[in-house]
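Student: Turn this into a model:
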Amino acid sequence: MAKKETAEEKLLKIIEATKKAQDSSSGAVVPAARRSRGLFAVNTQQLNYLLMVAVLSGVIYCGYEVRNGMELLKQNVSVSVDGPAHGDAINLFVPQIRSLSYYLDKIGTRNIFQPFEKKEGGSSGVVTARAVLEKKMQNFKLVGVAWLDMPESATVMIEDKANGVTKFLKEGDKLEDVTIKTIYTDRVVIGYENEEIVIKL
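Tutor: Reported below is the predicted structural model:
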């Protein structure tokens with residue numbers, strides 16, 4: 001008498017049959033899929049490896065930059081000027097922004113909102129002021145120019161020829177009624193009324 005097949009055995013045969021069918025179908029498909037990917041195929045493991053290398057390289061580079069930045073922060077910064085290559089180079093540092101009164105005086109000489117009208121005999125007035133300024137400065141001689149580490153400390157030494165006294169003056173100081181306008185390394189600009197002259201060493 002034939003042995004009767006139980007329900008569990010039937011289920012086991014069905015599972016084995018489907019497993020064999022899947023293996024045979026996947027075995028035929030996979031090589032074709034592999035052949036279709038070409039030479040530059042990258043699997044997930046290789047891609048993860050490349051990403052890890054890129055992230056590690058980025059972290060090393062950032063660490064290097066941070067270390068260099070920290071070393072730069074520890075260094076002392078010096079902005080002093082040791083010495084000019086030529087005489088005119090220092091002139092970039094000595095002129096400076098002047099007080100508001102200087103600019104107001106320049107604006108006050110002529111109202112820029114009014115049309116310009118040439119005054120009668122205006123040129124003679126300019127010549128007179130210049131002549132007075134030159135006459136006043138005949139009694140004085142520029143002896144030297146000195147300053148410390150800052151341009152604001154620039155001082156001019158002017159000698160009075162009459163009594164031999166040397167005066168130390170800064171920008172804006174007055175010598176009698178003549179004003180020291182601008183101090184350079186080798187010259188000084190002196191003003192009287194609306195006229196200016198340059199005295200050189």
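Student: any idea how far V178 lies from K136?
Tutor: 6 Å (CB to CB, to the nearest Å). No exception for glycine: its C-beta is placed from N, CA and C like everyone else's.
Student: Which one's more surrounded, those two?
Tutor: Higher neighbour count among V178 and K136: V178, with 20 against 16, using other CB atoms under 10 Å.
Student: So L12, which state does it fall into?
Tutor: helix (DSSP: H, G, I helix; E, B strand; the rest coil).
Student: and it, how many neighbours?
Tutor: 11.
Student: go on, L72?
Tutor: 9.
Student: just how off-centre is the host helix or strand of it within its chain?
Tutor: In this structure, L72 is located in helix 44-74 according to DSSP states H and E. Centroid separation for helix 44-74 versus its chain: 29 Å, with CA atoms, centre = their mean, to the nearest Å.
Student: And the average pLDDT for that helix is what?
Tutor: On average, the pLDDT along helix 44-74 is 93.
Student: And the next helix or strand past it?
Tutor: For helix 44-74, the succeeding helix or strand toward the C-terminus, using DSSP H and E, is helix 100-108.
Student: shaky segments in the protein?
Tutor: 1-2, 25-40, 79-96, 108, 110-112, 114-127, 151 (pLDDT under 70).
Student: Walk me through the domains of it.
Tutor: 7-74, 87-109+131-200 (automatic domain parsing).
Student: okay, those domains, which one's buried deepest?
Tutor: domain 87-109+131-200 (a mean of 14; mean count of other CB atoms under 10 Å).
Student: hey, C-alpha coordinates of stretch 156-165 in PDB?
Tutor: Provided in PDB are the C-alpha atoms of stretch 156-165 (Å, rounded to 0.1, in the frame of the first residue of the first chain):
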ATOM      1  CA  VAL A 156      58.800 121.300  11.000                       C
ATOM      2  CA  MET A 157      61.800 123.300  12.300                       C
ATOM      3  CA  ILE A 158      61.800 126.900  11.100                       C
ATOM      4  CA  GLU A 159      64.600 129.300  12.100                       C
ATOM      5  CA  ASP A 160      64.100 133.000  12.600                       C
ATOM      6  CA  LYS A 161      67.000 134.600  10.800                       C
ATOM      7  CA  ALA A 162      66.800 137.800  12.800                       C
ATOM      8  CA  ASN A 163      67.400 136.300  16.200                       C
ATOM      9  CA  GLY A 164      68.600 132.700  15.400                       C
ATOM     10  CA  VAL A 165      65.700 131.100  17.300                       C
END
